[in-house]
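In: Predicted model and sequence follow; I will ask about them next.
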Amino acid sequence: QVQLQESGPGLVKPSQTLSLTCTVSGDSKPSHYTWSWIRQSSGKGLEWIGYITTSGSTIYSPSLKSRTSISRDTSKNQFFLQLSSVTPEDTAVYYCARGPYTDFVQYWGQGTQVTVSS
């Protein structure tokens, strides 16, 4: 059974960089899939942030592209999110997922709350 677990600081100060890690288990060939980051702010719907493909290429949401970086370490079955210059509007539950875009996700992590506050 595929399991995803997000980890990282729950509190980030404004203007700093949010960094999260997703660790994948139960998947023998994670490099064969596309992996996404998605978030949900309180009272709002899911917002797709971006994904990393089987070749390591990345695609980002146009609204977040200038601040987003997604990378991976296939030897550790991990992929990463960095979101720079955060503001309180970046406060959300952040999810990692297998699959591109919200509608095509096959597996979800449980999500991790990140609050941007001084």
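Out: Structure received.

In: Can you pull out the low-pLDDT segments for this structure?
Out: Along the chain, segments meeting pLDDT under 70 span 28.

In: Mind doing that once more with 80?
Out: 27-31 (pLDDT under 80).

In: tell me, what residue is most central in it?
Out: In the chain, the residue lying closest to the centroid (C-alpha atoms, centre = their mean) is Trp37, at 2.8 Å.

In: what's the spacing between that one and Thr74?
Out: For Trp37, the distance to Thr74 (C-beta to C-beta, to the nearest Å) stands at 17 Å. Yep, even glycine has a C-beta here, placed from its N, CA and C like the rest.

In: for the residue nearest to the centre of the chain, what are its contacts?
Out: By C-beta atoms under 8 Å, 6 or more residues apart in numbering, the residues touching Trp37 are Leu20, Cys22, Ile49, Gly50, Tyr51, Ile70, Leu81, Tyr94, Tyr95, Cys96, Ala97.

In: and those, which are buried?
Out: Leu20, Cys22, Ile49, Gly50, Tyr51, Ile70, Leu81, Tyr94, Tyr95, Cys96, Ala97 (16 or more other C-beta atoms under 10 Å).

In: Output the residues you listed as JSON lines; include the columns distance to Trp108 and secondary structure.
Out: Shown next, in JSON lines, are the buried ones among the contacts of Trp37 (distance: C-beta to C-beta, whole Å; DSSP: H, G, I helix; E, B strand; the rest coil):
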{"residue": "Leu20", "distance to Trp108": "14", "secondary structure": "strand"}
{"residue": "Cys22", "distance to Trp108": "11", "secondary structure": "strand"}
{"residue": "Ile49", "distance to Trp108": "14", "secondary structure": "strand"}
{"residue": "Gly50", "distance to Trp108": "16", "secondary structure": "strand"}
{"residue": "Tyr51", "distance to Trp108": "14", "secondary structure": "strand"}
{"residue": "Ile70", "distance to Trp108": "16", "secondary structure": "strand"}
{"residue": "Leu81", "distance to Trp108": "15", "secondary structure": "strand"}
{"residue": "Tyr94", "distance to Trp108": "11", "secondary structure": "strand"}
{"residue": "Tyr95", "distance to Trp108": "6", "secondary structure": "strand"}
{"residue": "Cys96", "distance to Trp108": "8", "secondary structure": "strand"}
{"residue": "Ala97", "distance to Trp108": "5", "secondary structure": "strand"}
